[in-house]
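1. Below are the sequence and a predicted model for it; my questions follow.
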Amino acid sequence: MKNIKIDKNYLKKILFELLEIPSPTGYTDQIVHYVGEKLNELKVPFELTRRGAIRATIKGKTSSGSRAIVSHLDTIGAMVRELKDNGRLGIVQIGHWSARFAEGSRVKIFTDSDVYSGTILPLKASGHTYNEDIDNQKVSWDNLEVRVDEKFSSGEDLANAGFNVGDFVAIESNAEEADSGFINARHLDNKAGVACELAAIKAVIDSGAKLHVDCHPLFTIAEEEGTGASSILHGHVASMVAIDNSTIAPGQNSSEFGVTIAMRDNGGVYDYHLSHRLIKICRENKILHKRDVFRYYRSDATAALEAGNDIRTALVCFGLDASHGYERTHILSLESLAAMLANYIVSKPEIKHDRYELGTLESFPRQVEESRE
């Protein structure tokens, strides 16, 4: 199938709207409603799990050996752990990220009934007061507090206003786009992935392509806390492509302007045949791509395998610098990833064995092997 076009304006519009919706793990209802509305606009049917993960379906000629693509709606964030005597909030992180990147962040705090703004500050925040001590304090969540933008001077003030231990703290995205095509924001991981997935779905729908097998777009809500796609798959899904970020850094091989296909990460090795199928799709469609391995990283696909699902998994990524910090990607990388996903969705399955939960040796594929002559 040729000429599947990605609507770049739609992709960017979706991304910037997603970035305006707070969604730390555990506080994702609002973003679930948003993505559900977008799927309704595309006339793609879906259903929700009890907690709100989204399982959609684009029908193909058969359900046997169907595919899934998955991105996660949740982001890193924080949670209140203490109402402090000075009228500020002690916090712990949601997801794995450094207190170094939390310092100076503007935030929204969600109490049981209200939303407040504030700033995450180190305990010693002013050089005019603490001099060189501001540079000597340890980078630690124990050395941070939230200054709420209200007239609070005690823990009692906070309690009377309705603050509680366990309140969610969302980090504001502060998104901006440069003329060069770079997009800077918090939470591009993984809202950029969600935007790519929706843009790919739109491209497939707009193309009028008839799918060879069912495709199930999935959107999970707890990837940053490790559970991800552990309980969302249809039983007949044979393969799942996870969508997430690659790491642009020395010692990595990721593409900042194209697709990165991860061959392994901290969760294990990705499926040989599915990964090479995606590489082939990139080559056939002249999509810039690279391969990489990630040592300190795991994805939705890992959670699905750990839950006992017998599926092929792959991980495809948009380029991202400074992950879980103030992140940067490029529109070319997002367009490339969306195009690869769209072409994968409409492509013809190549492994007959994947039609069956249990099959014969004759239908099972082979990898490259040395000659036996």
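-> Yep, it's here.
2. In the stretch 201-350 of the chain, what residue spans correspond to strands?
-> Here the stretch 201-350 of the chain has its strands, by DSSP state E, counting those that start in this stretch, at 211-220, 237-247, 259-265, 268-269, 289-293, 312-320, 327-330.
3. Quick check: pLDDT value at Ser371.
-> According to the predicted model, the pLDDT of Ser371 comes to 63.
4. now swap in Phe364 and tell me
-> Reading off the per-residue confidence, Phe364 sits at a pLDDT of 86.
5. and it, what does it touch?
-> Residues in contact with Phe364 (CB atoms under 8 Å, 6 or more residues apart in numbering) are His353. The way it works is simple: take the backbone N, C-alpha and C, and place the C-beta from them, glycine included.
6. can you list the strands of the stretch 201-350 of the chain in CSV and add mean neighbour count and distance to Ile58?
-> Rendered in CSV, the data for the strands of the stretch 201-350 of the chain read as follows (neighbours: other CB atoms under 10 Å; distance: least, CB to CB, whole Å):
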stretch, mean neighbour count, distance to Ile58
strand 211-220, 24, 5
strand 237-247, 26, 13
strand 259-265, 24, 21
strand 268-269, 12, 28
strand 289-293, 18, 24
strand 312-320, 27, 18
strand 327-330, 22, 26
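7. Near the residue nearest to Asn266 when sequence neighbours are not counted, how many other residues are there?
-> The shortest distance from Asn266 to any residue that is not its chain neighbour, by CB to CB, 6 or more residues apart in numbering, is 5.0 Å, and that residue is Arg298. Counted by other CB atoms under 10 Å, the residues lying close to Arg298 total 19.
8. Ok, Tyr10 next?
-> Tyr10 sits with 17 neighbouring residues when counted by other CB under 10 Å.
9. Check the one 3 residues further on too.
-> By other CB under 10 Å, the residues close to Lys13 number 13.
10. before we move on, what about Glu357?
-> Should you count by other CB under 10 Å, Glu357 turns out to have 11 residues around it.
11. Now do the phi/psi pair for it.
-> When quoted as degrees, to the nearest 10, the phi and psi of Glu357 stand at phi -70, psi -40.
12. sorry, back to before: I figured the residue nearest to Asn266 hits Arg264, correct?
-> No - with contact defined as CB atoms under 8 Å, Arg298 does not count as touching Arg264 (10.5 Å).
13. ok, now which ones touch the residue nearest to Asn266?
-> Contacts were defined as CB under 8 Å, 6+ apart; by that measure Arg298 touches 226, 265-267.
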